[in-house]
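K.L.:
quick one: sequence plus predicted model below, questions after.
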Amino acid sequence: MSRRFNYIDVVLWSLRIGIIVIVLWGTVAKLFLGVGNTYTVGNWIDFFVSGLSQGSLYALIALGYTMVYGVLFMINFAHGEFFMGGAMTTTVLVALPLEEAGFLNEFPILSLLAIFITAMAVSIAVAIMTERIAYRPLRRAPRLVPLITAIGASFFWQYFFRGLYGSSLIPFPEFDIFDGKFDFGVFDIQKTDVAVLVTSVVVLALLQLFVQRTKIGQAIRAVAEDKDAATLMGIDVDRTITITFAVGAAMAGVAGVLFAIVFRQLNFIMGFTPGIKAFTAAVLGGIGSIPGAALGGLFLGVIEAIGPPLFLEGLNIPGSHQLKDVIAFTMLVLVLIFRPQGILGEKLAEKKA
Amino acid sequence: MLEINNVHTFYGNIHALKGVTLNVEQGEIVTLIGGNGAGKTTTLRTICGLMAPREGSLTFEGEDITKYKAHELVAKGIAMVPEGRGVFSKLTVTENLQMGAYHRNDRENIRKDIEWAFDMFPRLGERRSQLAGTMSGGEQQMLAVTRALMSKPRLLLMDEPSMGLAPVLVDVIFDAIGDINEQGVTILLVEQNAHMALQVANRGYVLQTGEIVLSDDADALKDDPTVQKAYLGLE
Ligand SMILES: Nc1ncnc2c1ncn2[C@@H]1O[C@H](COP(=O)(O)OP(=O)(O)O)[C@@H](O)[C@H]1O
Ligand SMILES: [Mg+2]
């Protein structure tokens, strides 16, 4: 007997083919028929590098989602607020006063150090409080409960920081050392992009060392795999979970400062979009997988930067550069439909069992 | 060394242990046998602190251990080889052994003990950099046993170490149990394989639906008609 035709399969396959056709069509129209603006090779490199830089920010934030998911099987929707809290606080309490004192551009490295450390400390503090007060008491509750609590915690921190710093946009001071571009002839790269990329790569490498080589990193991996067995090794599971939150938040703090350096405007809602994008990146890479989150972030950043000028313009869509969010969320939906375990992830079902 | 008195443990409303009383003396191998669902695993989980008893007392070397958290008991000298082995499949063999020594800080000795584990089971040594999840069930059981020993326990709890193993490997594991005991580690061995367990043990308890129904020397239990009928497959 032949296999029965399943309507859902038909719809999914048409969707797959449709997306591929649209992307190819747009790309061909763009590259060979010259629809829309014409870009030089330099322009394309520009798109690519700024995409990488944006993507490495997503990657830094995505690691927090993925590590917490790894140990708790929970999507911490308040993670974007860890990012925001650190960035806002360090801007108001450290960066702006330093600029006012004329210290900022006099001693940029020291200033940056102070700014990063403050941001990380605040992000970590916010994360630890959230975990201890809101999540830990719910450890044995059904999975939907901490998820909803996380959304509540997210709103709490947004309005908490709005109460502290107000609701208007706060400017992040300009660093002279990040002003301008590196010129490479055919193309040039924004110095901020270089700063973001270099910092992210260093942080990612440190994280990899921490998780793979240190005792606490090993404990985090052990807890992610089997909490009872980890307990039997003498590992304090609760403490390890707190450390996991703290490590993720430290990276969110770094990302917050990098975000501030690039976009130079902050407010209490700034964590939302990068948070959702980073969540997308984590799902894309396979939630729970650390290399997956890094790859997913870079991939998302690059697609967001290259997609609009490439296939969206080719399709003659007006204002295509404003549509990068559409690309990100379309990808989230597509991944959830077609490959919920992400690029590097394993099947979720077996992990939850 | 270990004294359990009238312990009651629940899963929600399910009354899994209904007043279990047993003791293990220093240097002994004591086995706890019983059918599926008798409460053997629950007994071990209660001893090592993964579950809290609702009633009853547990003392180890004279000290009340119910006041400690499960992870603190490892440093007190209690280690467990859990049911189904519980190796960390995405950690390497060496990393698994290092996790077993988590509460220790004597790095040099930990390294020596890992080499000792590889001497004990050369097959683990050959696979030291391999992910534990890629090994066979027998190799994982060897890893689970040596990993538990890495914490230098005085009391080792073992939950059905022979489960799912080929007969040759069952022999290997039971030989190891004897060796470990000779090196001074007291053992509480949970088994469905009553035949093997009663051979290696000094004394035994029979658990049935959450209650101890028999306790005696291992040899006497082997000859007991109910044990022969229910657990040794003899008529
Ligand atoms: N996680 C659980 N939730 C509810 N009941 C359980 C759970 N684990 C075990 N039980 C019940 O407790 C009793 C004892 O189980 P267990 O200690 O695992 O038995 P054994 O190890 O002897 O096979 C059984 O009736 C079992 O159904
Ligand atoms: Mg059992």
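P.N.:
Done, it's in. Numbers count the residues shown, from 1 in each chain, chains lettered A, B, ... in the order given. Ligands and ions are numbered 1, 2, ... in the order given.
K.L.:
only C-alpha atoms for contact and neighbour calcs from this point on.
P.N.:
OK.
K.L.:
and what about the residue in the stretch 1-150 of chain A that ligand 1 sits nearest to, helix, strand or coil?
P.N.:
Proximity of the stretch 1-150 of chain A to ligand 1 (C-alpha to the nearest ligand atom) peaks at A:Arg140, 12.7 Å away. Of the three states, A:Arg140 takes coil under DSSP: H, G, I helix; E, B strand; the rest coil.
K.L.:
so what's the residue count around it?
P.N.:
A:Arg140 has 10 neighbouring residues, counting by other C-alpha atoms under 10 Å in any protein chain shown.
K.L.:
how far away is A:Gly86 from A:Ala78?
P.N.:
13 Å (C-alpha to C-alpha, to the nearest Å).
K.L.:
who has more neighbours out of these two?
P.N.:
Per other C-alpha under 10 Å, whichever of A:Gly86 and A:Ala78 has more neighbours is A:Gly86, with 30 against 26.
K.L.:
quick check: closest non-adjacent residue to the more buried one.
P.N.:
Excluding the flanking residues, the one nearest A:Gly86 by C-alpha to C-alpha, 6 or more residues apart in numbering or on different chains is A:Ala119, at 4.0 Å.
K.L.:
so the one you found is in contact with A:Val257, correct?
P.N.:
Yes - using C-alpha atoms under 8 Å, A:Ala119 is in contact with A:Val257, at 7.0 Å.
K.L.:
can you list residues touching both of the two?
P.N.:
Common contacts of A:Ala119 and A:Val257 (C-alpha atoms under 8 Å, 6 or more residues apart in numbering or on different chains): A:Gly86, A:Ala87.
K.L.:
quick one, which of these two is more surrounded?
P.N.:
A:Ala119 (33 against 28).
K.L.:
can you list the buried residues in the helix or strand hosting the more buried one?
P.N.:
Element membership for A:Ala119, per DSSP states H and E: helix A:108-129. Residues of helix A:108-129 classed as buried by neighbour count (16 or more other C-alpha atoms under 10 Å in any protein chain shown): A:108, A:111-112, A:114-128.
K.L.:
what's the mean pLDDT across it?
P.N.:
When pLDDT is averaged over helix A:108-129, the result is 96.
K.L.:
can you give me phi and psi for the closest residue to A:Asp179 other than its chain neighbours?
P.N.:
Closest residue to A:Asp179 apart from its sequence neighbours, by C-alpha to C-alpha, 6+ apart: A:Lys191 at 6.5 Å. Torsion angles at A:Lys191 (phi, psi; degrees, to the nearest 10) stand at phi -60, psi -30.
K.L.:
over to the one 3 residues further on?
P.N.:
Here the main-chain torsion angles of A:Val194 (degrees, to the nearest 10) amount to phi -60, psi -40.
K.L.:
quick revisit: could you check the next helix or strand after the helix holding A:Ala119 and say which residues are buried?
P.N.:
Using DSSP H and E, the helix or strand that follows helix A:108-129 in sequence is helix A:144-165. Residues A:Pro146, A:Leu147, A:Thr149, A:Ala150, A:Ala153, A:Ser154, A:Trp157, A:Gln158, A:Tyr159, A:Phe161, A:Arg162, A:Tyr165 are the ones in helix A:144-165 that count as buried (16+ other C-alpha under 10 Å).
K.L.:
check stretch B:17-26 too.
P.N.:
B:Leu17, B:Lys18, B:Gly19, B:Val20, B:Thr21, B:Leu22, B:Asn23, B:Val24.
K.L.:
is that stretch up against ligand 1 anywhere?
P.N.:
No - legend: contact between stretch B:17-26 and ligand 1 by C-alpha under 6 Å from any ligand atom is lacking; minimum distance shown is 7.4 Å.
K.L.:
show me the helices in the stretch 151-300 of chain A, by range?
P.N.:
For the stretch 151-300 of chain A, the helices defined by DSSP state H, counting those that start in this stretch occupy A:191-213, A:215-225, A:227-232, A:237-263, A:272-285, A:290-307.
K.L.:
nearest to ligand 1, of those?
P.N.:
Judging these by C-alpha to the nearest ligand atom, what sits closest to ligand 1 is helix A:227-232, at 12.4 Å.
K.L.:
from ligand 1, how far off is the residue in the stretch 101-250 of chain A that chain B sits nearest to?
P.N.:
Of all residues in the stretch 101-250 of chain A, the one sitting closest to chain B is A:Gly234 (4.1 Å; C-alpha to the nearest C-alpha). The spacing between A:Gly234 and ligand 1, counted by C-alpha to the nearest ligand atom, to the nearest Å, is 22 Å.
K.L.:
for the chain, give me the ranges with low pLDDT.
P.N.:
Here I'm looking at chain A. Across chain A, residues meeting the criterion (pLDDT under 70) sit at A:1-5, A:36, A:320, A:345-353.
K.L.:
my question was about chain B, not that one.
P.N.:
Checking chain B against pLDDT under 70 turns up B:233-235.
K.L.:
any residues of it in contact with ligand 1? List them.
P.N.:
Close to ligand 1, as judged by C-alpha under 6 Å from any ligand atom, chain B has residues B:Tyr11, B:Ala16, B:Asn36, B:Gly37, B:Ala38, B:Gly39, B:Lys40, B:Thr41, B:Thr42.
K.L.:
out of the residues you listed, flag the one nearest to B:Pro122.
P.N.:
B:Thr41 (29.5 Å; C-alpha to C-alpha).
K.L.:
hmm, that closest one is touching B:Leu157, no?
P.N.:
No - at 10.2 Å, B:Thr41 does not count as touching B:Leu157 under the criterion of C-alpha under 8 Å.
K.L.:
of the two, who's got more company?
P.N.:
More crowded of B:Thr41 and B:Leu157, by other C-alpha under 10 Å: B:Leu157, with 24 against 19.
K.L.:
quick one: end-to-end length of stretch B:207-215, please.
P.N.:
End to end - C-alpha to C-alpha - stretch B:207-215 spans 9 Å.
K.L.:
typed the wrong thing, it's stretch B:49-60
P.N.:
Length of stretch B:49-60, first residue to last, C-alpha to C-alpha: 12 Å.
K.L.:
B:Lys18 sits in which helix or strand?
P.N.:
Per DSSP H and E: strand B:14-24 holds B:Lys18.
K.L.:
which strands and helices lie in contact with that strand?
P.N.:
In terms of contacts (3 or more C-alpha pairs under 8 Å, 6 or more residues apart in numbering or on different chains; DSSP states H and E), strand B:14-24 is packed against strand B:2-11, helix B:40-47, strand B:211-217.
K.L.:
buried set for stretch A:167-179?
P.N.:
A:Ile170, A:Pro171, A:Phe172, A:Pro173, A:Glu174, A:Phe175, A:Phe178.
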